[in-house]
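Asks: here is a sequence with its predicted model. Questions after.
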Amino acid sequence: MRLKQIHPKKAVKRLKQYNKEMMLKAFDAVKNNKTPVDRAARLFDVPAQTLRDCVLGKVGIKSSWGKTSLFTSNEEESLVNYLEDLAKVGYGLNRSQLNVLATEMAIKLGKLNQGKSLSDKWYYAFLKRWDHRLKVIKPRGLTSTRVSALRQEVVTAYFADLNMVLTENCLQFKPHLIYNLDETGLQPEHRPSKVIAGKSSGKIQAVTSPNSSTTTLIACINAAGTALPPFYVFKGKLRNDELLKGAALNSAYEMSDSDIMKWAIEHNVILFVLPPRASHALQPLDVGCFAPFKACYYSECNLFMAKQRGQIITRYEIAALSGKAYLKSMTPSNIIAAFKKCGIFPFDSSVVPEELLFPSRSFPKKKISEAEESSPTMQELLSQKMMDTAPKVKSPKVRSKKPKLGGKCITSAVVQEVEEYELSRKKPSQFSETFMC
């Protein structure tokens, strides 16, 4: 039997990792301290032959170190500032967009010929040079309505009204009386977690339940770290106590909504509505509780699907699975930290970070100057003249504006205003019209 000949592996020579400062110290030791080249090379861990060439003048010690970059340091710093500003306002650039931008700038500055483009090699070298200021991260998606709603003036007015309500009702040092209530949707179709599979496996699939209907879970917590039992709103009209089978202790449910504002006033509960579309920064449940709750809920769904193979999650299992996740996630430490992060208790009006307010600057409010209001243009005057000579058209019906509840305390006057608006929207029936005639 012929044995396979084993060839010795070639030794790979590794280049010494050194920088310009190390070479300058070694060069200074040779020139000023009369240290031999080989000893200085060993002391400062630099190549002996390169140091010898610098001492003999074959290589300039002050010559350019490494490859020269396409842009100067000032130009690259301007580009870094531009990238930082774009990321702050929510319009950061990715790798391909940065390459296109840098190519356009290089062509305009005469550093690159027309038709050529920068490659990923320049991109990675650029990030390595500026790794002390730049990094690649995945941003959190945020809708434009939420971005435009979270402005500095909105946050300032909200905290001013909140402080007034807390002061008038002597609630600054009563965390057990400050509650936060919010709702979240629960679907049977959960997000599968990572699984262990063979290396030769291709695409791995995870069995989930069909998304038949959404169940609403209403959570209520206070600043002392206590969470009330969950309240469910199931889709349908007929009550069925089997829906709460296996749920957390003292859980309740309903099949329809109810008028919470009247109930709160009758039971001496002060309602303070948060500014609209700003819950991601100002609401404790959204800031620090619902994310771990959803993670625990998806984990419970994964365990259920793994144990009950061939079965699916229906609305009859929602309460049991979410109840376990509710008890695991709504801990006192999470709740207290959420209230503190939102600046509610302890009260802190400067708790909202600047990075959350920066994107709203991309949506400036349109302001009409006094000059525009006082001096109309010729086109506006001619249009008004045309309207004066045109046939009169019946003016449209003026509709009452819907009262805004965000960012203020709900009082009896506000409830009356909402009731008047709802009555104005209701159309009289055909029977009542005939009777009135």
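Replies: Thanks, I have it.

Asks: just how off-centre is stretch 80-98 within its chain?
Replies: Chain-centre distance of stretch 80-98: 16 Å, with C-alpha atoms, centre = their mean, to the nearest Å.

Asks: list the buried residues for it?
Replies: For stretch 80-98, the neighbour count (16 or more other C-beta atoms under 10 Å) marks Leu83, Ala87, Lys88, Gly90, Gly92, Leu98 as buried. For the C-beta atoms, the positions are set from N, CA and C on the backbone; glycine is no exception.

Asks: keep only those of the residues you listed that are in helices.
Replies: Leu83, Ala87, Lys88, Leu98 (DSSP state H).

Asks: just name the closest of these to Phe363, please.
Replies: Lys88 (14.1 Å; C-beta to C-beta).

Asks: show me where the protein has its strands.
Replies: 179-186, 215-222, 231-233, 252-254, 271-273, 408-410 (DSSP state E).

Asks: quick one: low-confidence ranges for the chain?
Replies: 1-16, 62-67, 256-259, 364-400, 426-437 (pLDDT under 70).

Asks: residue contacts, the closest residue to Lys25 other than its chain neighbours?
Replies: In this structure, Lys25 finds its nearest non-sequential neighbour in Phe44, 5.3 Å apart by C-beta to C-beta, 6 or more residues apart in numbering. Phe44 is in contact with Tyr18, Met22, Met23, Lys25, Ala26, Ala29, counting by C-beta atoms under 8 Å, 6 or more residues apart in numbering.

Asks: ok, now which ones touch the second one?
Replies: When you say that, I think you mean Met22. Met22 is in contact with Phe44, Asp45, Val46, counting by C-beta under 8 Å, 6+ apart.

Asks: and those, which of them are in helices?
Replies: Checking the contacts of Met22 against DSSP H, those in helices are Phe44.

Asks: out of the contacts of Met22, the closest to Ser212 would be?
Replies: Nearest to Ser212 among the contacts of Met22, with distances taken as C-beta to C-beta, is Asp45, at 67.2 Å.

Asks: so the closest one sits against Asn19, correct?
Replies: No. Using C-beta atoms under 8 Å, Asp45 makes no contact with Asn19, being 10.4 Å away.

Asks: before we move on, back to that, of all the strands of the chain, which one is nearest Lys138?
Replies: Of all these, it is strand 179-186 that lies closest to Lys138, at 23.0 Å by C-beta to C-beta.

Asks: Leu86 versus Arg361, what's the distance?
Replies: Distance, Arg361 to Leu86, using C-beta to C-beta, to the nearest Å: 12 Å.

Asks: before we move on, what about Val165?
Replies: From Val165 to Leu86 the distance is 38 Å (C-beta to C-beta).

Asks: can you give the domain ranges for the chain?
Replies: Per automatic domain parsing, the structural domains of the chain span 29-63, 73-129, 144-192+210-359.

Asks: out of the ones you listed, deepest packed?
Replies: domain 144-192+210-359 (a mean of 16; mean count of other C-beta atoms under 10 Å).

Asks: where do the helices sit along the stretch 151-300 of the chain?
Replies: 152-168, 260-266, 279-282, 284, 290-307 (DSSP state H, counting those that start in this stretch).

Asks: which residues touch the closest residue to Ala48 other than its chain neighbours?
Replies: Computed as C-beta to C-beta, 6+ apart, the closest residue to Ala48 that is not its neighbour in sequence is Ala41, at 3.8 Å. For Ala41, the contact set (C-beta under 8 Å, 6+ apart) comprises Ala26, Pro47, Ala48, Leu51.

Asks: how close does the third one get to Asp28?
Replies: Going back to what we said before, that points to Ala48. 16 Å.
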